[in-house]
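> 3D model of this:
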Amino acid sequence: MHRLATTLQAPFHWLGQTAMSWSFNAGGLALLTFQVLRNLLPWRWQFDGPETWRNLYRVGVKSFPIVVVTAVLVGAIMVIQSGLYIEQYGAYGLLGWGAGYSILREVGPILIGLMFSGRVGANNTAELGTMKVTDQVDALRALAIDPIGYLVMPRFIAMILMMFLLVVIGNFTALIGGAITSQVLLDVNMVLFFQSVIAYVLLDDLLHGLIKAVAFGFAIAIISCHFGLSTSGGAVGVGRAVNASVVGSAIAIFVLDYAITFASL
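A predicted model of the protein is given here:
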């Protein structure tokens, strides 16, 4: 009888734990967002300069090679996929538009965002989580140093700026990769490819993707810092926090992508 009662209670226990966990994380994310935005106010502007430069290098410069390689391949793939239909109708003048439109509005920001969350977001959560479980965050508070200003703000600023710059670089590199692929595989002149991009891809399409880049950088920064600072349970807890950070960032990227796309209709 006791075993039966335990079995019947298990689903409700899981639902209760899940609801409490979601509520805790939602509240923590909202509170951290408020604290970060408050620190951005001119009369409360507070962040550590050397730590910000260190994060700019770690977040941006070290992510540059993988972004460039991925962007070139993405541009090539988009041209190959578009070329299958372009060849059927002989509309080679639209090849640059088809690839450029997809890259600038959707594919570039999303793929770079996912890669950014997997590399930078996970590393950020692991670093902050390790500091949390080894009481380094509490030590900062004991020294009257605000962890938000010293730890979170430099990462927040670096991740938004570098996400924006990496998307700009990635988009440009993807277009170059697409142009080279169109020349080599489809015998479409690179000049014609870029003429198509300039003629048919609108400034609104470019801005649409850049807005997504800023939104994705904001979300990844907040989510990774929240899960890092709320880590508990030693090394196992750090692993759980990293996993939750990557999954949460990926979900946030797709939700924001849908919201921004819907708002632009």
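> avg pLDDT for the strand or helix carrying Leu140?
Following DSSP states H and E, one finds Leu140 within helix 136-142. Helix 136-142 shows a mean pLDDT of 91.
> name the helices or strands packed onto the helix or strand just after that helix?
Downstream of helix 136-142, the next assigned helix or strand under DSSP H and E is helix 147. Helix 147 is packed against helix 136-142, with contacts defined by 3 or more CB pairs under 8 Å, 6 or more residues apart in numbering; DSSP states H and E. (C-beta placed from N, C-alpha, C; glycine too.)
> Mind listing what's buried along the helix it packs on?
Val137, Leu140 (16 or more other CB atoms under 10 Å).
> who touches that helix?
Leu128, Met131, Asp146, Pro147, Tyr150, Leu151, Leu229 (CB atoms under 8 Å, 6 or more residues apart in numbering).
> Ok, stretch 210-220 next?
Contacts of stretch 210-220 (CB under 8 Å, 6+ apart): 109-110, 112-113, 116-117, 120-121, 159-164, 166-168, 249, 252-253, 256-257, 260.
> Adding secondary structure, pLDDT and distance to Pro65, write the contacts of helix 136-142 out as a markdown table.
A markdown table is the format used below for the contacts of helix 136-142 (DSSP: H, G, I helix; E, B strand; the rest coil; pLDDT from 0 to 100; distance: CB to CB, whole Å):
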| residue | secondary structure | pLDDT | distance to Pro65 |
| --- | --- | --- | --- |
| Leu128 | helix | 95 | 25 |
| Met131 | helix | 94 | 27 |
| Asp146 | coil | 88 | 34 |
| Pro147 | helix | 90 | 31 |
| Tyr150 | helix | 90 | 29 |
| Leu151 | helix | 92 | 27 |
| Leu229 | helix | 94 | 29 |
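> Now do stretch 85-101: distance from first to last residue.
With CA to CA, to the nearest Å as the measure, stretch 85-101 spans 16 Å from end to end.
> ugh, wrong one, stretch 56-68
17 Å.
> Repeat that for stretch 114-131.
25 Å.
> ditto for stretch 110-130
29 Å.
> Return the distance of it from the chain's centre.
8 Å (CA atoms, centre = their mean, to the nearest Å).
> what about Gly113, neighbour count?
28 (other CB atoms under 10 Å).
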